[in-house]
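K.L.:
Could you work out the structure for the sequence below:
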Amino acid sequence: DRDELRDLVLAPLPGTASEAANLKEMAEAKGLEVQAYLEGNATEEQVSRLKSPGILHIATHGFFLEMR
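P.N.:
From the prediction side, this is the model:
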């Protein structure tokens, strides 16, 4: 159940900050406006506020839950 996962705490992904910095640099070099949300600012609420971004890159954990 999605609500059961709300309190799940996962370790930060290694390399995400440098990945974001590299992507930001490349996008800005092409004249794109960049907004980066990292760590505590990278929330479901923040993503839901976005209005039709031209590009959206999300670095996230992936896992599978066993079906009951």
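K.L.:
low-confidence ranges in this structure?
P.N.:
Counting by pLDDT under 70, the chain contains low-confidence ranges at 1.
K.L.:
burial of the residue nearest to L50 when sequence neighbours are not counted, as a residue count?
P.N.:
Leaving aside its chain neighbours, L50 sits nearest to L56 (6.9 Å; criterion: Cβ to Cβ, 6 or more residues apart in numbering). All C-beta atoms are positioned from the backbone trio N, CA, C, and that covers glycine. Residue neighbour count, defined by other Cβ atoms under 10 Å, stands at 8 for L56.
K.L.:
L56 reaches S48, doesn't it?
P.N.:
No. Using Cβ atoms under 8 Å, L56 is not in contact with S48, being 12.0 Å away.
K.L.:
what residues are shared contacts of the two?
P.N.:
Common neighbours of L56 and S48, counting by Cβ atoms under 8 Å, 6 or more residues apart in numbering, are absent.
K.L.:
all helices of the chain, in order?
P.N.:
2-5, 16-29, 44-49 (DSSP state H).
K.L.:
Which one of these lies nearest to E66?
P.N.:
helix 2-5 (13.1 Å; Cβ to Cβ).
K.L.:
CA atoms of that closest one as CSV?
P.N.:
The C-alpha coordinates for helix 2-5 follow below in CSV (Å, rounded to 0.1, in the frame of the first residue of the first chain):
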residue,chain,number,x,y,z
ARG,A,2,1.3,3.4,-1.0
ASP,A,3,0.6,4.9,2.4
GLU,A,4,2.7,2.3,4.2
LEU,A,5,5.7,3.4,2.1
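K.L.:
how far does that helix sit from the chain's center?
P.N.:
19 Å (Cα atoms, centre = their mean, to the nearest Å).
K.L.:
Closest to the centroid, which residue in the protein?
P.N.:
Most central in the chain under Cα atoms, centre = their mean is I58, positioned 3.6 Å from the mean C-alpha point.
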